[in-house]
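Asks: This is a predicted model, with the sequence first.
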Amino acid sequence: MNPGTAFLVITWAAIVVLFLGLAAVLREVRLLRAAVARDPEGFSAAQPDIVLGERFAGRVVLAADSGCPLCVAVARRLTDAVLLTHEPPDAWDTPLDVVSDREAWRSVSHLAPPVLMRVDATGRVARLALPVREEQVDEVLDEWGVRGAGVRLDS
């Protein structure tokens with residue numbers, strides 16, 4: 001092997017080793033960041049940065065769309081919550097308080113409905129869940145400590 005070819009092989013091997021080292025360092029940084037942002041149960045503890053406003057203060061809020069079958073099922077399961085939607089309130093057949101607030105909807109529209117939120121006294125979302133099954137509503141509200149006030153127990 002001539003010296004020029006050997007130099008190129010060694011150079012490319014060194015570049016590959018450097019990139020693998022960089023990938024390992026970035027992985028460690030990502031794992032460290034995830035470890036710092038965990039709550040005691042091991043889930044990511046980053047608080048949602050969503051403000052719905054005083055109108056929703058101290059309530060459980062369901063952001064939903066009437067065209068979503070899971071949203072309709074979750075809305076039927078809740079008894080004491082506010083249903084936030086971008087649609088006219090008459091699109092919903094539910095005993096929940098239906099609020100059509102485009103500004104509040106805009107703050108959660110990037111999330112896939114249904115979006116279940118616990119709003120604190122200032123109108124800021126304190127806890128947020130994206131249920132994928134109707135039964136998860138019970139688990140989430142139990143975890144939040146609002147089971148009796150928020151879910152129909154006979155369903």
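Replies: Cool, the structure landed. Numbering: from 1, shown residues only.
Asks: What is the least confident helix or strand in this protein?
Replies: Every helix and strand in the chain was compared by mean pLDDT, DSSP states H and E; the lowest is helix 147-150, with a mean of 51.
Asks: got any ranges where the protein has weak pLDDT?
Replies: 36-47, 147-155 (pLDDT under 70).
Asks: If you count residues, where's the longest helix of the chain?
Replies: Counting by DSSP state H, the longest helix found in the chain is helix 3-36.
Asks: how close does the spatially closest residue to V132 that is not a sequence neighbour sit to A81?
Replies: Leaving aside its sequence neighbours, V132 sits nearest to L70 (CB to CB, 6 or more residues apart in numbering; 7.5 Å). In short, each C-beta sits where N, CA and C put it, glycine included. For L70, the distance to A81 equals 15 Å [CB to CB, to the nearest Å].
Asks: Comparing the two, which shows the higher neighbour count?
Replies: Shown here are L70 and A81; by other CB atoms under 10 Å, A81 has more neighbours (25 against 17).
Asks: Would you quantify the distance from V61 to S107?
Replies: As defined by CB to CB, V61 lies at a distance of 11 Å from S107.
Asks: and if you look at V98?
Replies: Per CB to CB, V98 is found 18 Å from S107.
Asks: Let me see the contact set for the residue nearest to V132.
Replies: P113, P114, P131, V132, R133, E134 (CB atoms under 8 Å, 6 or more residues apart in numbering).
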